[in-house]
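In: Here's a sequence, model it:
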Amino acid sequence: MKKATVVMTIAGSDSGGGAGIEADIKTIASLGLHGTCAITSVTSQNTTGVLSSYDLPPEVVVSQVDAVCADMQIEWAKSGMLASSAIISAVAGMVRKHDIRLVVDPVMAAEAGGDLLRKDAVTTLKEELLPISQVVTPNINEAVALSGKAITTVEEAKQAARIIAETGVRVVIITGGHLDASDVIYEAGKNRFTVIPGEFVKGGTHGSGCTYAAALTCCLAQGMTVVEAAGKAKEFVVTAIKGSKTVGKGAGPVNPLAGILRDAAAYEVTEDVKEAVRIISTSGHFAEMIPEVGCNIAMALPDAKGTEDIAAVAGRIVRFGGSPKAVGEVGFGVSGHVARIVLAALEQDSNIRAAMNVKYSEAAIRVCKEIGLRITSFDRTEEPENASITHKGEWGTSNAIRIFGDVPDIIFDRGALGKEPMIRILGRSATEVARTANSIASNRALISDP
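Out: Model (predicted):
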């Protein structure tokens, strides 16, 4: 059996679970590697800040590193909170003893507030640890402390990187979360700069530095170049920030599992929409429910923000040879109208994640009432001309839900000039919506009424 790639994190413990060892291990595991650790300090910390901190004796840190390295092959490690000169010296000794390639995250303060590195230890970091390290990943504030140079632009970040590289560290990556979101990479041996542009995204950022350095270490351990690894680590952190959740009263933590959870959810949603299409396609009656413009069925990811987070049939569902036929595969971001119906429903109720448009008829509405569905409607002649621009969700659906006071099962309109009348079926999943559509379609006696 092939052995797993093992990396180590040498850092402090965050009792709030958002940064430090806890963030590192989650990051390492989510990237498919085996994470080991040597705890340097135990912090009493939450989302509002660091209440207190206890540094472990340097010999205890050494013992942890020795224990892991005696049993496993550790080629790459990252360091985080190294609070004192004594701990930094001990870690430097371990790097030399076990020939470890080290990524240094020079943690100086917690995102939520609180110093994590003593001022006198900065000199030890620069003189003993950086000279034997592969990469250092300071944020703007940390880069200022390490270089002694103010940083307000990318060019100033480059100048600071050169100064930091004089310590002997091979690569300096100044992360841009406190500047313009661009990361500046300086490879000292090649005298080469690479700037990875970025943009600010909404979400919690507590633990972002730890997560970035851990992701970078994993990518380097997998054989990527520094620039490749930095790009992947940046993508990973952006996803972790977007997927963050509020857990306390202060700074929200990043979510290193966000990518895995999104992929899992995307698979489940895709399969649910495919099953819904199968239910519709094998129905003996549904073809009569397909409007002239065709229909579609869509389902959103949990916490969907836009149409790109909603799966549907590319090309819609049409009537072909008297039977329903899906034109195109199921994918994300392929629906406009029905996806916007879903977004309108999500604004009111996060559990209502699916929708479908079907042909309007008075008979179909009577069937909906017969089987106990909750129904409301809106007048399309009242729809503003710029509704699709000013409303993220479909205007009619949003308006109908607002007046109804809740998300109903059915929303219909009787059309307008150049606009085909339509019924919208809403539900918690695509398969639920498909079964509701089939239930309506199966009562042919009522549907066939004029």
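
In: doesn't residue 437 fall inside a helix?
Out: Yes: counting by DSSP: H, G, I helix; E, B strand; the rest coil, residue 437 is found in a helix.

In: wouldn't it be in contact with residue 290 here?
Out: No: assessed by C-beta atoms under 8 Å, residue 437 is found out of contact with residue 290, at 10.2 Å. Every residue, glycine included, has its C-beta placed from N, CA and C.

In: Now do the contacts for residue 293.
Out: By C-beta atoms under 8 Å, 6 or more residues apart in numbering, the residues touching residue 293 are 316, 420.

In: So what's the predicted local confidence for it?
Out: Confidence at residue 293, expressed as pLDDT, is 89.

In: What of residue 68?
Out: Residue 68 is assigned a pLDDT of 98 by the prediction.

In: Domain boundaries for the chain, per the record?
Out: According to automatic domain parsing, the chain comprises the domains 6-255, 261-447.

In: Out of the ones you listed, which gets the lowest mean score?
Out: When these are compared on average pLDDT, domain 261-447 comes out lowest at a mean of 91.

In: what about residue 340, how many residues close to it?
Out: Residues lying near residue 340 (other C-beta atoms under 10 Å) number 25.

In: Residue 396 is in contact with that one, correct?
Out: No: assessed by C-beta under 8 Å, residue 340 is found out of contact with residue 396, at 9.9 Å.

In: For the spatially closest residue to residue 187 that is not a sequence neighbour, which residues are in contact?
Out: Distances taken as C-beta to C-beta, 6 or more residues apart in numbering put residue 171 closest to residue 187, at 5.4 Å, once the chain neighbours are dropped. Residues in contact with residue 171 (C-beta under 8 Å, 6+ apart) are 134, 135, 136, 185, 186, 187, 188, 226.

In: May I have the beta-bridge partners of residue 171?
Out: According to DSSP bridges, the residues that bridge with residue 171 are residue 135, residue 187.

In: What distance do you get for it to residue 128?
Out: Distance, residue 171 to residue 128, using C-beta to C-beta, to the nearest Å: 18 Å.

In: now do residue 262
Out: Using C-beta to C-beta, residue 262 is found at 41 Å from residue 128.

In: next structured bit after the strand ranked longest in the chain?
Out: Taking DSSP state E as the criterion, the chain has its longest strand at strand 34-46. Moving toward the C-terminus from strand 34-46, the next helix or strand (DSSP states H and E) is strand 49-55.

In: how big is the angle separating the helix or strand following that following strand from strand 34-46?
Out: Once strand 49-55 ends, the next helix or strand along the chain (criterion: DSSP H and E) is helix 58-71. Angle of helix 58-71 versus strand 34-46, following axes from the mean of the first three to the mean of the last three C-alpha atoms, to 10 degrees, is 160 degrees.

In: how about helix 58-71: buried residues?
Out: For helix 58-71, a neighbour-count test (16 or more other C-beta atoms under 10 Å) marks 58, 61, 62, 64, 65, 68, 69 as buried.
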